[in-house]
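S.K.: model this:
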Amino acid sequence: MQKIARAQAFMQAGKPEAAIPIYRELAATFPAEPSLGVNLVIAQYKAGQFREAIVECRALLQRQPALFPALLFLGASHLSLGEASSAIQPLRQALAINPADPNARIMLADALFERHEWKEAAEQYTNASQTMPDNPRVWYGLHRSYAALAAECLARLEKEAPDSAEALAFSGAFEAERLQFSRAFRLYRSALARQPAFRGIHGKLAEIYELTGHADWAAAERAREPASACDSQSPECDFAAGSVEKAARAEAGTPSALYWQGLATQTLSQRAYARLQQLPASRERYEAAAELAERSARHREAATAWKQALVLSPADNGLRRRLALALCYSNDCGSALPLLKSLVAGAPSSAEFNYLCGLAFNSMGEPGNALPFLEAAVRLDGNLTPAHGALGEALLETGRPERAIPHLEAVLTGDDKGVRRYQLARALRAAGRQEQSLTMMRQYREIVARRAAEEKDEPRITPP
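M.R.: Below you'll find the predicted structure:
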């Protein structure tokens, strides 16, 4: 049929919007032919018309409840709209009809992840990895799911047994993963002080020695590791035997079991990350690298990785936002300014984009240019605390101390470095409120002194 050929040509040319009216007419003319309705749904989905696709999918399912493509695209459309809860059921149904479909399984895993159902998400990604071992989306999903499960184990330990050796040791494992070796060293030592026979911790300390250039200390530390005494079924014994997946799945009713389960999920996350980095360049590979760098406060590295991800998905505002944040956190907001201006232009009602744009101007010493963006940010979202601080700074630097005071006062709770207290002291002094200014300056000096003492007492890596 000539109309079908025209619609297919539009689809092949990457013009799904042009195909939609043709498929809509055909579907209305031949309602008994579900393939035409499916083609309409596919065109709507590819054109980003997700709400319209949902309506068409539901209409198709009323006539044919087990129509696989309608279930698949119903779930996919909900997922694209950020409606993971609504996506799960149709994707489960689609997968029940066609268990071998890779798209249905990965999308179901994605939806489960967004719903924080990380255990089942990991199971679905693992199943997908059997048939798609080179799909970066699978390994990225596995990496994130297991990382979330590991964080869940740590949260449980800190809540249920906060002073236990297991809680200290697993906190050390998280710090080591973030490359905070001195903190990890202190936590591992504290865990051993509470439980001298804690198996595996001497090995963890030896790894830190090796990573910090102390191979001789590492050998001495490893010699202290107690011999394994595993003769029972437990997460610890499973982990020691190399059955990491089994240890990750175990029921964890004690701090010891919870520690080993957490260590297993962390290990599986790291393995998935390593596999992802072995694959060819992909958006997922760079996203994972950027997120890992951010967890270690290596924001320049993160910015480089976000840039690489953007090369592969240049129109993705989520990636552009993450790049802008990474640049600002690396004290290079000025470089992010062109990007931020384009984000504000595309979403002028975004409080966050306006705030970041104003922050960039502040960092460049242009508070006058920052003001309209920061005022818009506060107007759009009065609870965006950082925007109040940046606005207070801009108002102070443009000679409006009275207006700056309430905004700076609004951010004192999170002022862990004392910067806003110093600015507030200046604003109060300029406004003639000398006594309050002196009080605020005293608080600022106390914070600076406390931070200096903390840095002086920062744990050092010492010999065994």
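S.K.: G203 reaches E225, doesn't it?
M.R.: Yes. G203 lies in contact with E225 (CB atoms under 8 Å); the separation is 5.6 Å. (Each C-beta comes from the backbone N, C-alpha and C, glycine too.)
S.K.: between those two, which contacts overlap?
M.R.: Residues touching both G203 and E225 (CB atoms under 8 Å, 6 or more residues apart in numbering): there are none.
S.K.: I'd assumed R51 was in contact with L81.
M.R.: Yes. Using CB under 8 Å, L81 makes contact with R51 at a distance of 7.4 Å.
S.K.: the more surrounded of those two?
M.R.: L81 (14 against 11; other CB atoms under 10 Å).
S.K.: show me the contacts for the closest residue to that one other than its chain neighbours.
M.R.: Sequence neighbours aside, F50 is the residue nearest to L81 in space, at 5.1 Å (criterion: CB to CB, 6 or more residues apart in numbering). Applying CB under 8 Å, 6+ apart, we find F50 in contact with 44, 77-78, 80-81.
S.K.: next, give me the two most distant ones among the residues you listed.
M.R.: Across the contacts of F50, the longest distance by CB to CB is 13.4 Å; it joins Q44 and H78.
S.K.: please tell me how far R199 sits from V244.
M.R.: As for R199, its distance to V244 is 16 Å (criterion: CB to CB, to the nearest Å).
S.K.: nope, P65 is what I was after
M.R.: Per CB to CB, P65 is found 41 Å from V244.
S.K.: and for S282?
M.R.: For S282 relative to V244 (CB to CB), the value is 25 Å.
S.K.: how many other residues sit next to the nearest residue to E409 once chain neighbours are set aside?
M.R.: Sequence neighbours aside, L424 is the residue nearest to E409 in space, at 6.6 Å (criterion: CB to CB, 6+ apart). Neighbour count for L424, taken as other CB under 10 Å: 29.
S.K.: contacting residues for L424?
M.R.: Taking CB under 8 Å, 6+ apart, we find L424 in contact with 392, 404-405, 408-409, 412, 440.
S.K.: and these, which of them are in helices?
M.R.: Judged by DSSP state H, the contacts of L424 include 392, 404-405, 408-409, 440 as members of helices.
S.K.: would you turn the residues you listed into CSV with pLDDT?
M.R.: Below are the ones in helices among the contacts of L424 laid out as CSV (pLDDT from 0 to 100):
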residue, pLDDT
G392, 97
A404, 97
I405, 97
L408, 96
E409, 96
M440, 96
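S.K.: output these in JSON lines; the columns should cover neighbour count and distance to A59.
M.R.: Shown next, in JSON lines, are the ones in helices among the contacts of L424 (neighbours: other CB atoms under 10 Å; distance: CB to CB, whole Å):
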{"residue": "G392", "neighbour count": "27", "distance to A59": "54"}
{"residue": "A404", "neighbour count": "25", "distance to A59": "57"}
{"residue": "I405", "neighbour count": "21", "distance to A59": "59"}
{"residue": "L408", "neighbour count": "28", "distance to A59": "56"}
{"residue": "E409", "neighbour count": "17", "distance to A59": "56"}
{"residue": "M440", "neighbour count": "25", "distance to A59": "64"}
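S.K.: residues of whichever strand or helix holds K159 that come out buried?
M.R.: For K159, the host element (DSSP states H and E) is helix 136-160. For helix 136-160, burial by neighbour count (16 or more other CB atoms under 10 Å) applies to 136-154, 156-157.
S.K.: for the residue nearest to the spatial centre of the chain, give me its contacts.
M.R.: Central residue of the chain (CA atoms, centre = their mean): E291, 6.4 Å from the mean position. E291 sits next to A302 when contact means CB under 8 Å, 6+ apart.
S.K.: which pLDDT value belongs to it?
M.R.: Looking at E291, its pLDDT stands at 96.
S.K.: before we move on, what about G253?
M.R.: For G253, the predicted pLDDT is 87.
S.K.: quick one, domains of the chain?
M.R.: Here the domain parsing of the chain from automatic domain parsing is 2-115, 149-278, 332-456.
S.K.: so for S129, which of those sits nearest?
M.R.: domain 149-278 (8.6 Å).
S.K.: for that closest one, measure first residue to last.
M.R.: This stretch, domain 149-278, spans 23 Å end to end (CA to CA, to the nearest Å).
S.K.: the spatially closest residue to Q64 that is not a sequence neighbour and A19, how far apart?
M.R.: Excluding the flanking residues, the one nearest Q64 by CB to CB, 6+ apart is P34, at 5.8 Å. Distance of P34 to A19, given as CB to CB: 17 Å.
S.K.: residue ranges with poor pLDDT in the stretch 301-450 of the chain?
M.R.: Of all residues in the stretch 301-450 of the chain, none has pLDDT under 70.
S.K.: show me what counts as buried in the helix or strand hosting V311.
M.R.: Under the criterion of DSSP H and E, V311 resides in helix 299-312. The neighbour-count check on helix 299-312 (16+ other CB under 10 Å) flags 299, 301-306, 308-310 as buried.
S.K.: can you name the next helix or strand after the helix or strand hosting L343?
M.R.: In this structure, L343 sits in helix 333-346 according to DSSP H and E. For helix 333-346, the following helix or strand on the C-terminal side (DSSP H and E) is helix 351-363.
S.K.: what's that next one in contact with?
M.R.: In contact with helix 351-363 (CB under 8 Å, 6+ apart) are residues 321, 324-325, 328, 331, 333-334, 336-337, 340-341, 343-344, 347-348, 367, 369-374, 376-378, 380-381, 384, 386-387, 390-391, 393-394, 397.
S.K.: after it, heading C-terminal, what element do we hit next?
M.R.: Counting by DSSP H and E, what follows helix 351-363 is helix 367-380.
S.K.: next one: that following helix to chain centre, how far?
M.R.: Mean C-alpha position of helix 367-380 versus that of the full chain (CA atoms, centre = their mean, to the nearest Å) differs by 27 Å.
S.K.: now stretch 353-368
M.R.: When distances are taken as CA atoms, centre = their mean, stretch 353-368 is centred 25 Å away from the chain's centroid.
S.K.: residues of it that come out buried?
M.R.: For stretch 353-368, using 16+ other CB under 10 Å, the buried residues are 353-363, 366-367.
S.K.: nearest to A7, of these?
M.R.: Nearest to A7 among the buried residues of stretch 353-368, with distances taken as CB to CB, is F353, at 37.7 Å.
S.K.: any low-confidence regions in the stretch 151-300 of the chain?
M.R.: 231.
S.K.: hmm, A336 and L323 touching each other?
M.R.: Yes. Here L323 reaches A336: they are 7.2 Å apart, a contact under CB under 8 Å.
S.K.: may I have stretch 34-53 as PDB, with CA atoms only?
M.R.: Output of stretch 34-53 as PDB, limited to C-alpha atoms (Å, rounded to 0.1, in the frame of the first residue of the first chain):
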ATOM      1  CA  PRO A  34      -3.300  -4.200  15.100                       C
ATOM      2  CA  SER A  35       0.000  -3.900  13.300                       C
ATOM      3  CA  LEU A  36      -1.100  -0.400  12.000                       C
ATOM      4  CA  GLY A  37      -1.800   0.700  15.600                       C
ATOM      5  CA  VAL A  38       1.500  -0.700  16.700                       C
ATOM      6  CA  ASN A  39       3.300   1.300  13.900                       C
ATOM      7  CA  LEU A  40       1.500   4.400  15.100                       C
ATOM      8  CA  VAL A  41       2.700   3.800  18.700                       C
ATOM      9  CA  ILE A  42       6.300   3.300  17.500                       C
ATOM     10  CA  ALA A  43       6.200   6.500  15.600                       C
ATOM     11  CA  GLN A  44       4.800   8.400  18.600                       C
ATOM     12  CA  TYR A  45       7.400   6.900  20.900                       C
ATOM     13  CA  LYS A  46      10.300   7.800  18.600                       C
ATOM     14  CA  ALA A  47       8.900  11.300  18.200                       C
ATOM     15  CA  GLY A  48       8.900  11.700  22.000                       C
ATOM     16  CA  GLN A  49       5.100  11.800  22.200                       C
ATOM     17  CA  PHE A  50       5.000   9.500  25.100                       C
ATOM     18  CA  ARG A  51       1.500  10.500  26.500                       C
ATOM     19  CA  GLU A  52       0.000   9.900  23.100                       C
ATOM     20  CA  ALA A  53       1.700   6.600  22.800                       C
END
